[in-house]
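Engineer: need the 3D shape of this:
(one chain, ligands or ions: 1)
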Amino acid sequence: MEGKKVLVTGGAGFIGYHLCSKLSSFTDNVTIYDNLSSGTMQNVKDVPKAKFVKGDILDLKTLCEQPKQDLIYHLAAQVVVGYSMENPLADFETNAKGTLYVLEKARKDDAKVVFASSAAVYGNPTVFPTPESYGFHPFSCYGLSKVVGEQYCQMYKEQYGLEVVITRFANVYGLRCHGVIHDFLDKLAKNPDKLEMLGTGQNCRDFVHVSDVVEALLMLGDRKDVNGEVYNLGLGKTTSVLELADMILKILNLQNRTEVTTTGVSWQGDVTKIWFDITKAKKELGWTPKVTLEESIKEVIADRKIKV
Ligand SMILES: NC(=O)c1ccc[n+]([C@@H]2O[C@H](COP(=O)([O-])OP(=O)(O)OC[C@H]3O[C@@H](n4cnc5c(N)ncnc54)[C@H](O)[C@@H]3O)[C@@H](O)[C@H]2O)c1
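Structural biologist: Here you go, the predicted model:
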């Protein structure tokens with residue numbers, strides 16, 4: 001990484017912040033390119049060594065005016081499944097067309113691209129744990145726009161000789177994250193007597209800590225032998241939302257106090273179970289996720305200084 005020019009689209013977001021922090025310890029040439037639609041200035045300020053460009057990936061001119069890069073991590077995206085079902089056009093613009101624009105920038109620079117895709121490309125899998133070879137079965141517009149992004153990456157590799165790597169993330173969490181863990185903690189901070197969860201609580205997710213994902217992203221940015229490859233990045237375990245709630249209540253010593261209820265209905269496009277087969281990343285990269293779900297819930301709770 002030393003000396004490399006690295007651009008991170010979506011670098012002001014949750015995963016982008018953690019990636020840029022780590023990258024900045026290896027190179028002084030990190031650029032965060034983000035329109036701040038969901039990312040924050042705080043995340044940018046907390047990586048003082050990185051250069052920040054407030055820009056949209058859909059603004060091809062500004063994107064291409066950035067100095068020549070060696071490596072582009074493409075993380076910028078519309079990330080909300082429910083939003084993608086209500087706004088399929090906007091989701092397509094950012095995730096599909098936006099990825100194509102980032103690939104154009106990479107083609108101009110002859111830069112390597114590491115693309116952040118998602119478990120959503122598998123839809124509702126019938127094979128568990130799900131390997132990369134399961135193929136595309138998207139169940140939401142978000143999943144479909146990520147499939148399109150992946151396919152464009154492969155097209156640019158085949159037709160223009162671009163170096164690309166695709167990573168499919170399971171549910172990434174850790175400090176500064178959004179999503180179900182923070183949602184539960186917010187609700188419990190407001191009212192420790194009651195926890196209402198969306199859906200049935202039976203839905204299962206593969207929760208992987210952001211530090212493990214960042215470690216894999218750094219490896220993939222550096223390695224020469226991963227061109228065109230696709231890697232699942234998850235913990236390789238599955239946990240139901242009810243089990244997750246139990247874990248949180250136990251850690252907070254609330255298990256005999258909080259009444260847990262479910263709404264029964266979820267958002268359109270929500271999937272039943274995510275459980276990644278991570279054998280490929282383990283074997284080929286020597287990557288093993290290290291942080292357990294329990295450890296990192298404790299980390300998030302300690303950081304938020306939650307007292308109930
Ligand atoms: N967090 C997860 O559990 C998870 C799971 C699967 C895949 N992913 C993928 O990982 C990537 C990062 O996710 P995250 O959780 O950090 O989300 P995030 O919302 O925190 O970060 C996304 C960033 O992209 C920026 N952005 C959005 N549209 C943009 C645009 N048009 N131009 C420039 N910047 C734009 C946002 O401002 C934000 O900073 C996304 O591609 C997401 O689809 C995340």
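
Engineer: what's stretch 40-57 in contact with?
Structural biologist: 8-9, 11-14, 16-17, 20-21, 23-24, 28, 30-36, 62-63, 66, 74, 76, 94, 98-99, 101-102, 176 (C-beta atoms under 8 Å, 6 or more residues apart in numbering). (C-beta placed from N, C-alpha, C; glycine too.)

Engineer: mind doing that once more with 6 Å?
Structural biologist: With contacts defined as C-beta atoms under 6 Å, 6 or more residues apart in numbering, stretch 40-57 is touched by 9, 12, 17, 20-21, 24, 30-33, 35, 62, 76, 98, 101-102.

Engineer: likewise for stretch 161-171?
Structural biologist: Residues from elsewhere that reach stretch 161-171 (C-beta under 6 Å, 6+ apart): 106-107, 112-119, 150, 153, 156-157, 205-208, 220, 226-227, 229-234, 274, 276.

Engineer: and stretch 222-233, what's buried?
Structural biologist: 226, 229-233 (16 or more other C-beta atoms under 10 Å).

Engineer: now pLDDT, secondary structure and distance to residue 266 too, for those residues, in CSV please.
Structural biologist: Formatted as CSV, the buried residues of stretch 222-233 follow (pLDDT from 0 to 100; DSSP: H, G, I helix; E, B strand; the rest coil; distance: C-beta to C-beta, whole Å):
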residue, pLDDT, secondary structure, distance to residue 266
226, 98, coil, 35
229, 98, coil, 33
230, 98, strand, 28
231, 98, strand, 28
232, 98, strand, 23
233, 98, strand, 24
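
Engineer: buried subset of the contacts of stretch 161-171?
Structural biologist: Among the contacts of stretch 161-171, the ones that count as buried by 16+ other C-beta under 10 Å are 106-107, 112-119, 150, 153, 156-157, 205-208, 220, 226, 229-234, 274, 276.

Engineer: skipping adjacent residues, who's closest to residue 145 in space?
Structural biologist: Leaving aside its sequence neighbours, residue 145 sits nearest to residue 95 (C-beta to C-beta, 6 or more residues apart in numbering; 3.5 Å).
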